[in-house]
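Participant: Mind looking at a prediction? Sequence and model below.
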Amino acid sequence: MGMTQWWQRATGRGRAEGSPVARPAATRREDPPVTWPTERPGARPEIDPDLPVLGVDGCRAGWVGAVLDPGGHGTPQLIVAATLAEVVRQAGPVAVTAIDIPIGLPDDTRREADVQTRRFVGGAKASSVFTTPVRAALYAGSYSEANTINRDRLGAGLSQQAYGLRRSIQDVDAWLRQDLPCVVVEAHPEASFAMMTGAALISRKRSGEGVQERRDALSSVGIALPSATLQGVGRDDTVDACAVAWTAHRVKTGHSRTFPDEPEVFSDGIPAAIHV
């Protein structure tokens with residue numbers, strides 16, 4: 001079975017573009033357990049400074065991508081697709097893809113990436129950086145099982161919100177096990193905005209005030225928020241994709257920093273660090 005077929009079966013994300021996503025974990029039947037991938041991470045190319053970059057965020061339709069031109073300015077091109085692989089394919093050649101999703105899953109510890117990024121964001125927005133569940137919890141067959149596993153290994157239960165992201169995390173986790181066309185990093189929108197402005201933004205990102213504050217932050221670094229409205233994509237999703245595209249450009253130009261300074265590596269062999 002090819003890698004594409006494997007991650008589609010493993011993540012259940014092979015549905016048609018724009019079709020409804022699964023209901024929250026609390027209101028749907030439990031999914032059958034999925035065996036996590038065991039392949040080691042694939043190769044990554046050298047960064048080509050002449051290529052654009054891609055920022056990706058989850059949304060109701062699956063994923064939304066923002067392609068930012070090689071100079072790191074202007075209005076990003078938006079892409080929406082059910083799978084991460086399809087977003088990257090539609091984006092065409094890019095130097096770096098930054099994704100707002102955990103990359104590199106812990107076995108029985110808290111990730112320093114989460115701990116240090118939460119501290120960097122600080123204040124009321126610190127809670128936006130959630131603690132990544134352990135790998136076994138993310139591949140459990142039910143929320144109750146995942147909650148028990150996470151509590152046993154981390155000493156803390158698992159929120160419904162974190163468990164509800166498992167299919168997106170599994171999508172990325174499987175997709176990384178192949179040779180990829182670009183460098184792929186983890187980013188966090190609120191950390192990106194804090195780096196842009198020098199302090200965390202305190203407004204709620206889904207509010208009108210929050211969207212405007214983030215639009216202004218993007219404008220301050222030369223990025224215009226796209227006006228397009230895409231089915232299954234919230235305005236906040238577009239904002240977040242643009243923010244992590246800005247971080248992807250910083251990675252490309254060598255101006256980014258990471259939390260922690262040296263990425264952790266767990267049993268999956270995938271470096272775990274959040275870039276800003």
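Facilitator: Cool, got the structure.
Participant: Phi and psi next, for residue 260.
Facilitator: Main-chain torsions, residue 260, degrees, to the nearest 10: phi -80, psi 180.
Participant: so what pLDDT did the closest residue to it other than its chain neighbours get?
Facilitator: Leaving aside its sequence neighbours, residue 260 sits nearest to residue 112 (C-beta to C-beta, 6 or more residues apart in numbering; 4.4 Å). C-beta: built from backbone N, CA, C; applies to glycine. Here, the pLDDT recorded for residue 112 equals 98.
Participant: and residue 112, how many neighbours does it have?
Facilitator: Counted with other C-beta atoms under 10 Å, residues neighbouring residue 112 total 18.
Participant: how near is it to residue 170?
Facilitator: 22 Å (C-beta to C-beta, to the nearest Å).
Participant: Same question for residue 228.
Facilitator: For residue 228 relative to residue 170 (C-beta to C-beta), the value is 29 Å.
Participant: what's the answer for residue 91, then?
Facilitator: 21 Å.
Participant: Please identify which helix or strand holds residue 97.
Facilitator: strand 96-99 (DSSP states H and E).
Participant: And the strands in this structure?
Facilitator: Under the criterion DSSP state E, the chain carries strands at the ranges 53-59, 62-68, 77-81, 96-99, 183-187, 258-265, 271-275.
Participant: quick one, what contacts the residue nearest to residue 260?
Facilitator: 259, 260, 264, 272 (C-beta atoms under 8 Å, 6 or more residues apart in numbering).
Participant: out of residue 228 and residue 170, which sits in the more crowded spot?
Facilitator: Remark: of residue 228 and residue 170, residue 170 carries more neighbours, 21 against 11, as counted by other C-beta under 10 Å.
Participant: The more buried one touches residue 135, doesn't it?
Facilitator: No - applying C-beta atoms under 8 Å as the test, residue 170 and residue 135 come out as separate, 10.2 Å apart.
Participant: so what sits against both of these two?
Facilitator: residue 36.
Participant: and residue 136, how many neighbours?
Facilitator: Neighbours around residue 136, by other C-beta under 10 Å: 18.
Participant: what do you get for the one 4 residues further on?
Facilitator: In terms of burial, residue 140 registers 24 neighbours under the definition other C-beta under 10 Å.
Participant: Would you agree it is in contact with residue 151?
Facilitator: No - the criterion here is C-beta under 8 Å, and residue 140 misses it with residue 151 at 11.9 Å.
Participant: Packing partners of whichever helix in the chain runs longest?
Facilitator: Assignment by DSSP state H gives helix 235-253 as the longest helix of the chain. With contacts taken as 3 or more C-beta pairs under 8 Å, 6 or more residues apart in numbering; DSSP states H and E, helix 235-253 sits against strand 53-59, strand 62-68, strand 96-99, strand 183-187, helix 189-197, helix 208-220, strand 271-275.
Participant: Need the winner for burial among these.
Facilitator: strand 96-99 (a mean of 30; mean count of other C-beta atoms under 10 Å).
Participant: send the alpha carbons of that strand over as CSV?
Facilitator: Provided in CSV are the C-alpha atoms of strand 96-99 (Å, rounded to 0.1, in the frame of the first residue of the first chain):
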residue,chain,number,x,y,z
VAL,A,96,8.9,26.1,3.8
THR,A,97,5.5,24.9,5.1
ALA,A,98,4.6,26.1,8.6
ILE,A,99,1.7,24.2,10.2
